[in-house]
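Q: Attaching a predicted model along with its sequence, questions to come.
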Amino acid sequence: MPNKNAPAGFKVVGDFAGAVTEQTRQYFIPATDATATFVGDIVKLTGESNADGVPIVTTVTAVSDVPVGVVVGFLADPDNLKLRHRPASTARYALIVDNPQVVMEVQATGATGTGAPGSNVQISLAVAGSAVTGQSGEQVDSATIATTATHGFKIVGFPQRVDNDIASNNAKVLVQFNRHQFANQVAGV
C-alpha cells in the first residue's frame, strides 16, 4: 500500500532516554524575518537576542545551516487567537524543543530502504507550510541518505505502523539531530 503524501514537518516523539517529553524553551522571531514559520519547522539561532534577552531564531533555509531545534508551538497572539503559525514579517514568540537528543518523526521525499538506520540525511526545504493548519511542509531528502558527517539529521529507525511502508515513497522516518548548535560537534552560530 503506498504511503500518503502528507508532509507535516518534524514531530517530536521522544528522546534517547525513552521519554516523550516536549520540554520547550521560548525563543523570539522578529518582524524583520520575512519567512513564515510553522509548527514542525527546524530553526537556527541568529546569534542575537531581543531587548528582553530572549534568543532570536530563524527558519533553516539551507542544508548547511546548523539547527537549534524544532518549533512545537507559539505563544498566543491576543489579536488573533486562531493563528496557528507565524506569518512572514510579524514578531512572535515560538516554543522550541532544543534538546540535541530529541527523536522526531518526519516524512522522507522518496523511498528510504531498509539500510537507512544509522545513515545521515539532509533536510528538504522544497515544500511550504500551511497557513490553514499551521503545519510545516519540511521533509528529509531521501536522495541524500549517506554516511556524510555534515548532513543535518541521523536516521534512527522507522515508525512501526501499518500505514508506513519504508520501501515506498513518502515513508515516515525517525531522526535525531546529527548537527546541533548546543552539541559538541558544532561551535558558534
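A: Perfect, I can see it now.
Q: Where does the prediction get shaky in this protein?
A: Along the chain, segments meeting pLDDT under 70 span 1, 17-22, 114-115, 184-189.
Q: if I pick the residue nearest the centre of it, what's in contact with it?
A: Taking Cα atoms, centre = their mean as the criterion, I42 is the residue nearest the geometric centre of the chain, at 3.4 Å. The neighbours of I42, taking Cβ atoms under 8 Å, 6 or more residues apart in numbering as the test, are G9, F10, T59, V60, P67, G69, V70, V71, I123, E138, G152. C-beta: built from backbone N, CA, C; applies to glycine.
Q: ok, now with 7 Å
A: The neighbourhood of I42, defined by Cβ atoms under 7 Å, 6 or more residues apart in numbering, consists of F10, V60, P67, V70, I123, E138.
Q: ok, what's across the strand from it?
A: V70 (DSSP bridges).
Q: distance of it from A76?
A: 23 Å (Cβ to Cβ, to the nearest Å).
Q: From the structure, what's the count of residues near K172?
A: 23 (other Cβ atoms under 10 Å).
Q: Hmm, it is touching M104, no?
A: No. Using Cβ atoms under 7 Å, K172 makes no contact with M104, being 10.4 Å away.
Q: before we move on, what SS does V103 have?
A: Under DSSP: H, G, I helix; E, B strand; the rest coil, V103 falls in the strand class.
Q: For the contacts of I42, pick the one with the most neighbours.
A: F10 (28 neighbours).
Q: Would you agree that one is in contact with V106?
A: Yes. Counting by Cβ under 7 Å, F10 touches V106, with 4.9 Å between them.
Q: What count of nearby residues applies to N178?
A: Around N178 there are 21 residues (other Cβ under 10 Å).
Q: just the strands in the chain please.
A: 11-15, 25-29, 42-49, 55-59, 69-74, 92-97, 102-107, 120-124, 139-146, 153-157, 172-177 (DSSP state E).
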